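Visitor: this one's sequence-less:
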């Protein structure tokens, strides 16, 4: 299992990326990731974890959460029993199961542009990607992912780069991506969300074409201690399109208390 470690703080912040991890792990991306999250480096010791390099067929988001637990048990470089945990998209699905299964270790949880269970929008998006991956059609996969992720304003900048982006990073095979994609379709933590005992920040896009616009409010209704922020006009790429996303994460992690959601 590949991971990247950076930052100067003492409090551990575990970050779980989305489904793109199925195409490329964090191996070799330390500099880029540290630069992207540079504003948190002075305050936290950050660990960005990929899924296992070799995933078994049928591996679920719950299995991936337990893989993370085993990795943290071996690593444990910090002097506190508690961690902050942030999951983006599929990483948020895994983070849900982790927080449910290990409430004693998660002090605060951030769920970004993710869902607690399958819906029609998520199903259609992921099934389409799986068909493209099964054919080895990397160009269509990358193009469709970008079109569904970003706002029109950002797409106008990215579209001219598609020919270049679609030639870089193609995996030797798509088996790892397909296993992770299938786990998104079978993910269901909805009925267990009430078991999350720590404060939670939910961040969603008001125009999310991947998990849908109802996914964030649905989670907020089930979690007692939560704060929800919806970025109107942005979609699944809200975490990448607005600096306010990371600012809200920092503010939340630095808060001493969060009122119970009623």
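Guide: Cool, the structure landed. Remember, predicted model here, so these are calculated numbers, not experimental data.

Visitor: only C-alpha atoms from now on, for both contacts and neighbour counts.
Guide: Noted.

Visitor: specify the beta-bridge partners of residue 108.
Guide: Applying DSSP bridges to residue 108 gives these bridge partners: residue 84.

Visitor: how many neighbouring residues does residue 6 have?
Guide: Using other C-alpha atoms under 10 Å, residue 6 has 20 other residues around it.

Visitor: do a quick rundown of the strands in the chain.
Guide: Here the chain has its strands, by DSSP state E, at 3-6, 11-16, 44-49, 83-88, 106-112, 200-205, 226-231.

Visitor: which parts of the first one are buried?
Guide: Counting neighbours by 16 or more other C-alpha atoms under 10 Å, one finds that the buried residues in strand 3-6 are 3, 4, 6.

Visitor: correct me, but the first one touches residue 52?
Guide: No - the criterion here is C-alpha atoms under 8 Å, and residue 3 misses it with residue 52 at 10.0 Å.

Visitor: closest one to residue 165 among the strands of the chain?
Guide: When these are compared by C-alpha to C-alpha, strand 83-88 sits nearest residue 165, at 21.5 Å.

Visitor: what's around residue 221, how many residues?
Guide: Residue 221: 13 surrounding residues under other C-alpha under 10 Å.

Visitor: bridging residues for the most centrally placed residue in the chain?
Guide: By C-alpha atoms, centre = their mean, the chain has its centre lying nearest to residue 88, at 1.8 Å. Beta bridges link residue 88 to residue 112, judged by DSSP bridges.

Visitor: mind listing what it touches?
Guide: 15, 16, 17, 18, 111, 112, 113, 114 (C-alpha atoms under 8 Å, 6 or more residues apart in numbering).

Visitor: gap between the residue nearest to residue 209 when sequence neighbours are not counted and residue 4?
Guide: Nearest residue to residue 209 in three dimensions, chain neighbours excluded: residue 148, at 5.4 Å (C-alpha to C-alpha, 6 or more residues apart in numbering). Distance from residue 148 to residue 4, counting by C-alpha to C-alpha, to the nearest Å: 27 Å.

Visitor: would you show me how to pick out the buried ones of the contacts of residue 88 in PyMOL?
Guide: Buried subset of the contacts of residue 88, written as a PyMOL selection, criterion 16+ other C-alpha under 10 Å:
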select buried, resi 15+16+17+18+111+112+113+114
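
Visitor: residue 229 reaches residue 206, doesn't it?
Guide: No - the criterion here is C-alpha under 8 Å, and residue 229 misses it with residue 206 at 9.6 Å.

Visitor: please identify which of these two sits among more neighbours.
Guide: Shown here are residue 229 and residue 206; by other C-alpha under 10 Å, residue 206 has more neighbours (20 against 16).

Visitor: show the contacting residues for the nearest residue to the more buried one once chain neighbours are set aside.
Guide: Setting aside the residues directly before and after it, residue 206 is nearest to residue 232 in space (C-alpha to C-alpha, 6+ apart), at 4.3 Å. Listed by C-alpha under 8 Å, 6+ apart, the contact partners of residue 232 are 205, 206, 207.

Visitor: I figured the first one hits residue 234, correct?
Guide: Okay, so that is residue 205. Yes - judged on C-alpha under 8 Å, residue 205 makes contact with residue 234 at a distance of 5.2 Å.

Visitor: so what's the residue count around residue 47?
Guide: Neighbour count for residue 47, taken as other C-alpha under 10 Å: 19.

Visitor: how about the one 10 residues further on?
Guide: One way to gauge burial is a neighbour count; for residue 57, by other C-alpha under 10 Å, it gives 13.
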